[in-house]
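>>> model this:
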Amino acid sequence: MEDNVKKSLDQIFSRHREAEQARQVQKEAMVSAEAKFKAEFEEAIDSIILPVMNEIGEYIKSQGYDFRVDRKAERVENPRTGQTTPANVSLVIITKDEPRHSQRNPSFTIFAEVHSKKVRFYESTPSMSGPAGDYPLTALTREMVQAGIVKLINRVF
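The predicted structure is shown next:
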């Protein structure tokens, strides 16, 4: 092999190795950022979301209804494609017309959207379901969660 061909090949493979290393560094940074977001979401669940949902749930109970709070970890739905269902927490209002675990009971759910680094509010009633906003996790407050739940309850009752 001629020296100029070998030199060209060395340059090509050197650029290729550098690009591979840069992709690996970028991938590690993304995985680290996702892990940080997941940990921060779990902290927000414990410090903001669960306390608000339980407080409002107890008030709902004092009005003659019942409630439950469901907490679900992120789970893989399709191992082949890597499709996941994000971690989430739901306040479910048990109405007098529906069994405790009926999907028709109204609910307010907060999802962790790992890739966008946001939390997504979702509300469900017997007559409609849909998104109720998405926010940066850093903007999540007690007042924001309370307002979302009150908006749902206003639609239900």
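>>> Name the SS class of the residue positioned nearest the centre of the chain, please.
Nearest to the geometric centre of the chain sits residue 112, at 1.3 Å (CA atoms, centre = their mean). Secondary structure, DSSP: H, G, I helix; E, B strand; the rest coil: residue 112 is strand.
>>> ok, residue 62 to residue 56 distance?
Applying CB to CB, to the nearest Å, the value for residue 62 to residue 56 is 11 Å. In this view, the C-beta of every residue, glycine as well, is placed from N, C-alpha and C.
>>> Which of the two has more residues huddled nearby?
residue 56 (21 against 8; other CB atoms under 10 Å).
>>> And that one, how far from residue 148?
10 Å.
>>> for residue 65, what are its contacts?
93, 94, 95, 96 (CB atoms under 8 Å, 6 or more residues apart in numbering).
>>> so where's this protein shaky on pLDDT?
25, 28-31, 98-100 (pLDDT under 70).
>>> Strands of that one, start to end?
In the chain, the segments counted as strands under DSSP state E are 66-72, 75-78, 83-85, 88-94, 107-113, 118-124, 129-136.
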